[in-house]
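A.B. asks: could you look at this predicted model? Sequence included:
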Amino acid sequence: MAENPTTTTTPAATAVPLDVDPDFLRHSDSDTDSAVGSIDEQLSSFSTSLTSSITNYPVRNGRRYHAYKDGSYILPNDDEEQDRLDLAHHMMLKLIGDRLFLAPLPDDFAGKILDVGTGTGIWAIEMGDRFPSAEILGNDLSPVQPTWVPTNVKFEVDDVENEWTFPTPFDYVFSRYLASAIGDWPNLVKQAYKNVKPGGWVEFQDFDSMFYSDDGSLTPDHAIHKWISTLVEACGKLGRYSLPGHKLPEWFKEAGFVNIHHEKFKLPIGPWAKEKRQKEAGLLNLMQVIDGLEGFSLRVFVDILKWDIKEVQVLLAQVRQDLKDKSIHAMFDFHVVWAQRPE
């Protein structure tokens with residue numbers, strides 16, 4: 001009978017030792033402080049290099065985009081886009097009843113909060129003011145958040161589609177407005193599940209970006225319909241799903257969440273709705289859509305679909321006319337889903 005094969009493993013104690021760079025010890029023989037200073041200089045140099053790789057933003061078609069993981073997010077990150085995102089923040093708050101969240105957090109909540117894809121950081125900052133005893137961490141592809149923030153709010157640069165490596169779980173994980181930014185939505189929800197404490201809450205707020213009308217006033221013949229259909233289709237081909245809202249409850253269930261709650265809000269484009277809250281949200285929506293048209297379109301239509309930029313500008317001019325047409329009652333849906341990880 002043949003002998004059983006054996007596997008030889010080199011013990012850690014006998015492994016080949018790491019050599020020390022002689023330049024590292026250059027100053028240490030006679031001047032310890034110089035050696036410490038050399039480390040500080042190296043840290044400073046590395047930090048400068050890393051910061052440069054993150055903030056060396058590429059500019060395309062007159063708009064500035066993320067440098068970190070360039071190409072994984074199709075929207076710009078310049079001042080114009082940041083203003084639009086802050087406007088969208090107020091729009092979403094107005095739509096859901098002037099509330100930052102729908103999960104049942106207590107008034108004296110003092111846990112750890114993760115804001116996934118924080119953007120300008122405006123939600124995290126307002127949560128920091130709302131819950132002064134809580135700890136809020138926001139992450140994003142670009143360090144565009146303000147430096148003057150509540151002491152309990154911090155920001156970091158990260159790609160939320162990478163494996164999450166937080167040292168401790170959170171009490172509440174929040175994500176909002178990542179439509180067209182995520183390649184693997186079920187995995188993102190699973191990451192949130194893994195990184196929230198048992199009994200903790202996770203809340204996702206997001207769109208189904210396709211425009212429609214209840215009264216038939218928006219038709220395929222309208223430029224606005226052609227524009228959004230082309231945009232949604234292109235994002236899908238890029239692997240960036242722009243209709244995640246209605247799928248969130250299913251993904252939450254698959255991840256293992258319990259006590260799943262789901263609310264859908266119709267978001268008008270323009271102040272044509274009768275109900276006051278929807279009218280106000282619709283006006284804010286009209287403003288942010290018009291402000292964001294180029295940001296939504298240029299990278300996808302010009303760089304991906306290879307349209308001529310003049311052709312894009314002609315289409316966008318027609319879209320602006322449709323957006324301001326009072327006879328077109330277009331809207332899209334905003335979904336809020338919150339649930340618990342089992343105890």
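C.D. replies: Looks like it came in fine. Here the structure is a predicted model, which means the values were calculated and not measured. Numbers count the residues shown, from 1 in each chain.
A.B. asks: so what's Phe101 up against?
C.D. replies: Met127, Phe174, Glu203, Trp338 (Cβ atoms under 8 Å, 6 or more residues apart in numbering). To be clear about C-beta, it is placed using only N, CA and C from the backbone, and glycine gets the same treatment.
A.B. asks: rerun at 6 Å
C.D. replies: Glu203 (Cβ atoms under 6 Å, 6 or more residues apart in numbering).
A.B. asks: that one: what secondary structure?
C.D. replies: Three-state assignment for Phe101 (DSSP: H, G, I helix; E, B strand; the rest coil): coil.
A.B. asks: contacting residues around His261?
C.D. replies: Neighbour list for His261: Trp338 [criterion: Cβ under 6 Å, 6+ apart].
A.B. asks: what strand or helix carries it?
C.D. replies: Assigned by DSSP states H and E, His261 belongs to strand 258-268.
A.B. asks: heading C-terminal from that strand, find the next helix or strand.
C.D. replies: Next along the chain after strand 258-268, with elements defined by DSSP H and E, is helix 276-298.
A.B. asks: what sits against the residue most central in space within the chain?
C.D. replies: Nearest to the geometric centre of the chain sits Gly117, at 2.9 Å (Cα atoms, centre = their mean). Neighbour list for Gly117: Asp140, Val160, Leu178 [criterion: Cβ under 6 Å, 6+ apart].
A.B. asks: with adjacent residues omitted, what lies nearest to the first one?
C.D. replies: Nearest in space to Asp140, with sequence neighbours left out and distances taken as Cβ to Cβ, 6 or more residues apart in numbering, is Thr118 at 4.9 Å.
A.B. asks: surely that neighbour meets Gly138?
C.D. replies: Yes: counting by Cβ atoms under 6 Å, Gly138 is a contact partner of Thr118 at 3.0 Å.
A.B. asks: which secondary element of this structure has the worst mean pLDDT?
C.D. replies: In the chain, no helix or strand scores lower on mean pLDDT, DSSP states H and E than helix 32-55, which sits at a mean of 48.
A.B. asks: in three-state terms, label Pro132 for me.
C.D. replies: Of the three states, Pro132 takes coil under three-state DSSP.
A.B. asks: ok, so what distance separates it from Leu100?
C.D. replies: As judged by Cβ to Cβ, to the nearest Å, Pro132 and Leu100 stand 14 Å apart.
A.B. asks: those two: which is more packed in?
C.D. replies: More crowded of Pro132 and Leu100, by other Cβ atoms under 10 Å: Leu100, with 20 against 11.
A.B. asks: list the contacts of the more buried one.
C.D. replies: Leu100 is in contact with Glu126, counting by Cβ under 6 Å, 6+ apart.
A.B. asks: now with 8 Å, please.
C.D. replies: If you count contacts by Cβ under 8 Å, 6+ apart, Leu100 has them with Leu93, Trp123, Glu126, Met127, Arg130.
A.B. asks: now, those that are in helices?
C.D. replies: Of the contacts of Leu100, the ones assigned to helices by DSSP state H are Leu93, Trp123, Glu126, Met127, Arg130.
A.B. asks: now flag whichever of those residues is closest to Lys247.
C.D. replies: Closest to Lys247 out of the ones in helices among the contacts of Leu100 is Trp123 (22.1 Å), distances taken as Cβ to Cβ.
A.B. asks: doesn't Ser175 make contact with that closest one?
C.D. replies: No: under the criterion of Cβ atoms under 8 Å, Trp123 makes no contact with Ser175, lying 10.2 Å away.
A.B. asks: residues that sit against both of these two, list them.
C.D. replies: Listed contacts common to Trp123 and Ser175 are Asp115; contacts here mean Cβ under 8 Å, 6+ apart.
A.B. asks: thank you kindly, that will do.
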